[in-house]
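Q: Have a look at this prediction, sequence included:
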There are 2 protein chains.
Amino acid sequence: MPASAARLRFAAHVRRLRKLARWSQEDLGDHAGIHRTYIGAIERGEANVTLDHMQRLADALQVDVSELLQPSV
Amino acid sequence: MPASAARLRFAAHVRRLRKLARWSQEDLGDHAGIHRTYIGAIERGEANVTLDHMQRLADALQVDVSELLQPSV
């Protein structure tokens, strides 16, 4: 089953915002309380992320959770 | 653990859009390929919904997935 459009869009936003913050995947994992290997899977669009994890990532990246699904990347 | 803000916001949007479409939870479940009991759990903020399910619900409700997480309800 192809990664849903939502996964790919979410992946691109997380990567963009992480780089904007000059964080490694490990840094983001530490801030969000999520293992760095899962951050990698998220950024490759391989992870079917849940709302609670989305909220933790949004909080860590200091954006509203809806920003992580906006159409434009 | 309290339901994340994202869960409650998502729940409110799904319920609002479902009612706008004059659908029962069963109707929405049929359109999205999700069991009606899970729709109920989603609308009560009890379900930690995944991105793929969010995409299916957005497609069924004919909105962009980001609309289901917008701050205003």
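A: Thanks, I have it.
Q: A:Asn48 against B:Met54, yeah?
A: No. Here A:Asn48 does not reach B:Met54: they are 9.8 Å apart, not a contact under C-beta atoms under 8 Å. Yep, even glycine has a C-beta here, placed from its N, CA and C like the rest.
Q: Just want to know which of these two has more residues nearby.
A: B:Met54 (27 against 19; other C-beta atoms under 10 Å in any protein chain shown).
Q: Report the separation between that one and B:Arg9.
A: According to C-beta to C-beta, to the nearest Å, B:Met54 stands 12 Å off from B:Arg9.
Q: and stretch A:60-73, which residues are buried?
A: A:Ala60, A:Leu61, A:Asp64, A:Val65, A:Ser66, A:Leu68, A:Leu69, A:Gln70 (16 or more other C-beta atoms under 10 Å in any protein chain shown).
Q: Take the residues you listed and keep only those in helices.
A: Counting by DSSP state H, the buried residues of stretch A:60-73 place A:Ala60, A:Leu61 in helices.
Q: Tell me which residues touch the closest residue to A:Ala5 other than its chain neighbours, please.
A: Of all residues not flanking A:Ala5 in the chain, B:Gln55 sits nearest, at 6.2 Å (C-beta to C-beta, 6 or more residues apart in numbering or on different chains). Going by C-beta atoms under 8 Å, 6 or more residues apart in numbering or on different chains, B:Gln55 touches A:Ser4, A:Ala5, A:Ala6, A:Arg7, B:Val65.
Q: Turn these into TSV, including distance to A:Glu26.
A: Putting those into TSV (distance: C-beta to C-beta, whole Å) gives the following:
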residue	distance to A:Glu26
A:Ser4	26
A:Ala5	28
A:Ala6	25
A:Arg7	22
B:Val65	28
